[in-house]
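Visitor: Provided below are the primary sequence and the corresponding predicted coordinates.
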Amino acid sequence: MKARIHVAGLGCITAIGNSVAETFHALEHEQSGISPITLFDTLHKNELPVGEVKLSNTALANRLGIKNNVTRTSLLGLAAAQEAITHSGIKNTSEWRTGFISATTVGGMDKTEHFLVDFLKDKTKGDLHDVVHHECGSTTEWIAGQLQINDFISTINTACSSSVNAIQLGARLIANDHLDMVIAGGTDALTKFTLNGFNSLMILDKQPCRPFDANRQGLNLGEGAGYVVLVSERVLLKEKRQSFGLVSGFANTNDAFHQTASSPEGRGSFMAMSQALAMAGLRSTDIGYINLHGTGTQNNDSSEGIAVQRLFENVPRVSSTKAYTGHTLGASGGIEAVFAVLSLLHGCVYPNLRFENRIPELNYSPQQKFEKGLSIQHVMSNSFGFGGNCSSILFSKN
């Protein structure tokens, strides 16, 4: 990528931490956030473990200093976006052409579910205030309003690749001089809707998930939010801020195989990774670590694993972090972009928790222990989703 797009700030909230620092501590000490469901009542409460953020809506609202009258997706997103801006040290975003690009697949579904409890019993009942923020775009607009950003606001929903596509769009807008600064990433909350939907696909593990293991049984759903602050070189220099890395390459492709499954050979995954490398002007041997999409399903891990094996003659260190956080859907690419930049900053790679046996069709195994102090110049992060959406992004040392 010709333009130098800097990552100037990081923010996240996950099942393993309420901030970047807490989350990184859990990653380093191999502390998984997968646990029983406590956020809502469901028949699957003691059957399907998930990655919940360990704060109630009231606790989140209190931390943010606002009323508890918005969706959980919005609360999580605001927490992470505010942290990212604070981390950047840029005091007044209004001095720059600033955009907010946020991904979500759930939107305000949690409040809609609350509305339906009364409405289904009596069509004259139910608080309509609960459905005001049902739409995905409403979540983005509300967070942008809290951040006082109005130059450019956009919502991305391309399933599990959503956040990476949000970051890609932000990078393009800065590279083409439409904006100076973009807060990009995503947010999603756990809901009955997503739990029941994924359960109907029969791809949820009843135990803590085992991504990239031969005996994997499915994924654990999670929730959270992750954002990066992208800035131009001009902003970085004028604000005298630190660059935590560069967005050096990215690609969005489509597998065009099946609505909810990847092609056996990982055609879309291969194209996304190879095109991201081409944009960055890098060779496969330049990559020090790959944050795999690695959901834990039979199809996803085999397809992605084969694509990685095909592209990388000598596979670098790889791992999935979803055994820590659960699959946070539209937020996963934003959260894992934060993880990728932290990998650059600390020269570290994260272990693939609960891995025991290599997938038979692969000639490599994922990382099994936390390592720090490595010489890592470039990190790739993959996000592959339903609808054939495949996105890869590269972060490089400045």
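Guide: Yep, that arrived. Residues are numbered from 1 along each chain as shown.

Visitor: count of neighbours near residue 21?
Guide: By other C-beta atoms under 10 Å, the residues close to residue 21 number 13. From N, CA and C alone the C-beta is placed, and that goes for glycine too.

Visitor: let me know the helix or strand that it is in.
Guide: Taking DSSP states H and E as the definition, residue 21 sits inside helix 20-28.

Visitor: give the buried residues for that helix.
Guide: 20, 23-24, 26-27 (16 or more other C-beta atoms under 10 Å).

Visitor: what residue lies at the spatial centre of this protein?
Guide: Centroid-nearest residue in the chain: residue 332, 2.0 Å away (criterion: C-alpha atoms, centre = their mean).

Visitor: now residue 328: phi and psi?
Guide: Backbone torsions of residue 328, given as degrees, to the nearest 10, read phi -90, psi 20.

Visitor: tell me the contacts of it?
Guide: Residue 328 sits next to 14, 51, 188, 222-224, 335 when contact means C-beta atoms under 8 Å, 6 or more residues apart in numbering.

Visitor: columns pLDDT, secondary structure and neighbour count on top of the residues you listed, output as TSV?
Guide: Listed next are the contacts of residue 328 as TSV, based on pLDDT from 0 to 100; DSSP: H, G, I helix; E, B strand; the rest coil; neighbours: other C-beta atoms under 10 Å:
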residue	pLDDT	secondary structure	neighbour count
14	99	strand	33
51	99	strand	26
188	99	strand	34
222	99	strand	28
223	99	coil	29
224	99	strand	33
335	99	helix	33
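
Visitor: returning to what we had before: and the helix holding residue 21, how far from the chain's centre?
Guide: Relative to its parent chain, helix 20-28 has a centroid offset of 15 Å by C-alpha atoms, centre = their mean, to the nearest Å.

Visitor: what's that helix packed up against?
Guide: With contacts defined as 3 or more C-beta pairs under 8 Å, 6 or more residues apart in numbering; DSSP states H and E, helix 20-28 has these neighbours: strand 5-13, helix 332-346.

Visitor: the next helix or strand after that helix: partners in the sheet, and parallel or antiparallel?
Guide: Using DSSP H and E, the helix or strand that follows helix 20-28 in sequence is strand 34-35. Its sheet considered, strand 34-35 pairs with strand 50-51 (antiparallel) by DSSP bridges.

Visitor: quick one: the partner strand to chain centroid distance?
Guide: Put simply, strand 50-51 sits 14 Å off its chain's centre (C-alpha atoms, centre = their mean).

Visitor: which residues touch it?
Guide: So strand 50-51 is contacted by 14-16, 33-37, 190, 195, 220-224, 324-328 (C-beta under 8 Å, 6+ apart).

Visitor: rerun that using 7 Å as the cut-off
Guide: Defining contact as C-beta atoms under 7 Å, 6 or more residues apart in numbering, one finds that strand 50-51 is touched by 15, 33-34, 37, 190, 220-223, 325-326.

Visitor: now the worst-scoring helix or strand of the chain on mean pLDDT - C-alpha only, CSV.
Guide: Scoring the helices and strands of the chain by mean pLDDT, DSSP states H and E places helix 109-119 at the bottom, with a mean of 83. This file holds the C-alpha atoms of helix 109-119, laid out as CSV (Å, rounded to 0.1, in the frame of the first residue of the first chain):
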residue,chain,number,x,y,z
MET,A,109,-31.4,-7.4,19.0
ASP,A,110,-31.0,-7.7,22.7
LYS,A,111,-33.5,-4.9,23.3
THR,A,112,-35.8,-6.2,20.6
GLU,A,113,-35.9,-9.6,22.4
HIS,A,114,-36.9,-7.7,25.6
PHE,A,115,-39.7,-6.0,23.8
LEU,A,116,-41.0,-9.2,22.3
VAL,A,117,-41.5,-10.8,25.8
ASP,A,118,-44.5,-8.6,26.5
PHE,A,119,-45.5,-8.0,22.8
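
Visitor: buried ones in stretch 296-309?
Guide: When burial is assessed from 16+ other C-beta under 10 Å, stretch 296-309 yields the following buried residues: 296-297, 300-309.

Visitor: got a list of contacts for that stretch?
Guide: Applying C-beta under 7 Å, 6+ apart, the contact partners of stretch 296-309 are 203, 205, 209-212, 216, 218-219, 261-266, 269-270, 273, 290, 292-295, 315, 318, 322, 359, 361-364, 382, 384.
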